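Peer 1: Just to be clear, the model below is a prediction. Sequence and coordinates:
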Amino acid sequence: MSVAIALDGPAGAGKSTIAKRAAKALDYIYIDTGALYRTIGLSAMRRNIEPVESKEVSDMLSKIKVEIAFNDKMEQIVLLDGEDVSSLIRTPEVSMTASKISAIPEVRAYLLDLQRDMAKKNNVIMDGRDIGTVVLPDAKVKIFLTASPEARAERRYKELLEKGMTVSYNDVLKDVNERDYNDSHRKTAPLKPAEGCVIVDTTELDFEQSVDKIISVIKENV
C-alpha cells in the first residue's frame with residue numbers, strides 16, 4: 001500500500017526544494033502540485049486571458065493538456081500540450097497568475113484527479129497549498145511548512161538572482177505578501193494548516209536543518 005505525505009505551506013517556504021531532497025533520501029516520488037497551477041497560469045498568459053476571468057479560464061481547460069512526467073533522474077517535469085515548460089513557469093509573473101487562477105474552483109477540480117491518481121500509485125511527498133486539507137485529507141503524514149514573510153522573500157530573491165533574473169528584494173517581498181493574502185482568503189480551498197498536521201517553522205533553520213526536520217517528522221509518523 002502506497003504512503004502519501006502531504007506538505008502544505010505559504011509561498012516561498014521552501015516546500016519544493018525541501019520536499020525534493022527529503023523524497024530522494026526516503027526513496028519517495030516528489031510531486032510539486034504548484035507547478036500544475038503555474039502551467040495553467042502560463043497557458044492563460046499565452047492566450048492573453050486575465051486570471052480573474054474565471055469563465056474564460058474554465059473554457060480553456062478543455063482545450064489544453066497538463067501532464068506530470070519524470071526525467072531519467074526521476075525529477076518531475078511538467079508538460080503543457082506536450083511541451084516541457086518546467087523552466088518557463090518559474091517567473092514572478094507566472095507565480096502571481098497561478099495564485100489568482102488557483103482560486104477558480106474549476107481549475108482545482110480539473111487538477112484534483114491527476115494529483116490523487118499519482119498518490120494512489122506511488123509513495124509520494126506532495127506539496128502545495130491544500131494537499132492535507134483537500135487533495136489528500138487521509139495522508140499518512142501532514143506537515144505545514146512555514147517561515148516569516150521576510151525570510152521567505154530573502155530565499156526566493158537569492159534563488160531568482162542565481163537563475164540570472166533581474167529582480168528587487170522589495171518586489172519579491174511584495175509578491176510573497178500578496179500571494180499569502182490571495183492564498184489564505186480565497187473561497188475555494190484556502191491555505192490553512194490541516195487538522196492533525198505537524199507545523200514546522202524554518203525561519204531560523206538553514207536548508208539542511210529544514211530537510212533533516214522534515215525527514216525526522218516523516219520517520220516518526222510513518
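Peer 2: Yep, that arrived.

Peer 1: all contacts plus neighbour counts: C-alpha atoms, from now on.
Peer 2: Noted.

Peer 1: Give me the distance between the closest residue in space to Leu111 that isn't next to it in sequence and Ile199.
Peer 2: Using C-alpha to C-alpha, 6 or more residues apart in numbering and skipping the chain neighbours, the partner closest in space to Leu111 is Leu36 (7.6 Å). Distance, Leu36 to Ile199, by C-alpha to C-alpha, to the nearest Å: 24 Å.

Peer 1: The residue nearest to Leu111: helix or strand, and which one exactly?
Peer 2: Element membership of Leu36, judged by DSSP states H and E, is helix 34-46.

Peer 1: Can you dump the C-alpha atoms of the helix or strand following that helix in CSV for me?
Peer 2: Remark: after helix 34-46, the chain's next helix or strand is helix 54-61, criterion DSSP H and E. C-alpha atoms of helix 54-61 as CSV (Å, rounded to 0.1, in the frame of the first residue of the first chain):
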residue,chain,number,x,y,z
SER,A,54,-12.9,32.6,-14.5
LYS,A,55,-15.2,31.6,-17.4
GLU,A,56,-12.5,32.1,-20.0
VAL,A,57,-10.0,30.2,-17.8
SER,A,58,-12.6,27.4,-17.3
ASP,A,59,-13.3,27.2,-21.0
MET,A,60,-9.6,27.0,-21.7
LEU,A,61,-9.2,23.8,-19.6
